[in-house]
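Q: Any chance you can model this:
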Amino acid sequence: MSGLNHEGLLSRFERFPSVLQAVAVGVDDDNATWRPPVPEGAPEGPFGGGWSIVEIVAHLADEEEADFSVRLRSTLEDPSRAWPPIDPEGWAVERDYRSRSLTGELSRFGVERARNLLWVRELGDETDWERAYEHPTLGTFRAGDLLSAWCAHDWLHLRQIAKRMYQLTQRDAGGYSTAYAGEW
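A: Here you go, the predicted model:
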């Protein structure tokens, strides 16, 4: 038995959609699609100075549907089976995340998470979290690593959304300083 706190992870996994909804609900289309400017001297890329809020939420929904759940299931069922390829940055461009509705993407994420939560809860205590997939370039990933990373992925992107909200506040301050609030 590993030290994996299955219930602790699933508790955060289950709460995340409501936290995401609370942070992003009410963000209008202009602010949902806003990207920070490219820092001076940095190369221009397809995402400006970073992803917009709607792009982050669409990414979360696609990852929910086509990455973590698929790869965890594959690892548990047959760790010798190759994982299907993913291309998160390519998806953002090809699927034009920025043109999507934030409300729609929040809903899509919530539906996918609810479906995945049911499946992960059904795995139960007897799941072999040590089952491992050998990725050809990234190394060994145990099922427990995937579940843990899936949960952590949520919070990393919440931090990214919080940063966009902070940057929007700085933008809207119109030359007034936000320094009294503290450093980001």
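
Q: Quick one: the strands in the protein, in order.
A: Applying DSSP state E to the chain gives strands spanning 132-135, 139-142.

Q: correct me, but Arg131 touches Arg142?
A: Yes - when contacts are counted by C-beta atoms under 8 Å, Arg131 is listed as touching Arg142 (6.6 Å). In this view, the C-beta of every residue, glycine as well, is placed from N, C-alpha and C.

Q: Give me the common contacts of these two.
A: Here Arg131 and Arg142 have Thr75 as joint contacts, going by C-beta atoms under 8 Å, 6 or more residues apart in numbering.

Q: circling back to that earlier point, in TSV: the strands of the chain, plus mean pLDDT.
A: TSV is the format used below for the strands of the chain (pLDDT from 0 to 100):
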stretch	mean pLDDT
strand 132-135	97
strand 139-142	97
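
Q: Return the most buried member of those strands.
A: Stretch with highest mean neighbour count among those: strand 132-135 (a mean of 16; mean count of other C-beta atoms under 10 Å).

Q: longest helix anywhere in the chain?
A: Counting by DSSP state H, the longest helix found in the chain is helix 143-172.

Q: For that helix, name the packing helices and strands.
A: helix 6-24, helix 53-66, helix 68-77 (3 or more C-beta pairs under 8 Å, 6 or more residues apart in numbering; DSSP states H and E).

Q: now the first one and helix 143-172, what's the angle there?
A: Computed with axes from the mean of the first three to the mean of the last three C-alpha atoms, to 10 degrees, the direction of helix 6-24 lies at 20 degrees from that of helix 143-172.

Q: Residues touching helix 6-24, excluding its own?
A: Outside helix 6-24, the residues touching it (C-beta under 8 Å, 6+ apart) are 32, 53, 57, 60, 102, 106, 109-110, 113-114, 117, 120-121, 125, 127, 147-148, 150-151, 154-155, 158, 161-162, 165.

Q: Give me the buried stretch members for it, please.
A: Judged by neighbour count using 16 or more other C-beta atoms under 10 Å, the buried positions of helix 6-24 are His6, Leu9, Leu10, Phe13, Phe16, Pro17, Leu20, Val23, Ala24.

Q: do the last one as well
A: Across helix 68-77, burial judged by 16+ other C-beta under 10 Å covers Phe68, Ser69, Arg71, Leu72, Arg73, Ser74, Thr75, Leu76.

Q: Switch those residues over to TSV; also include pLDDT and distance to Val38.
A: Converted to TSV, the buried residues of helix 68-77 look like this (pLDDT from 0 to 100; distance: C-beta to C-beta, whole Å):
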residue	pLDDT	distance to Val38
Phe68	97	30
Ser69	96	34
Arg71	98	32
Leu72	98	36
Arg73	97	38
Ser74	97	37
Thr75	98	38
Leu76	97	42
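
Q: Among these, which one sits closest to Trp91?
A: Nearest to Trp91 out of the buried residues of helix 68-77 is Phe68 (C-beta to C-beta; 14.3 Å).
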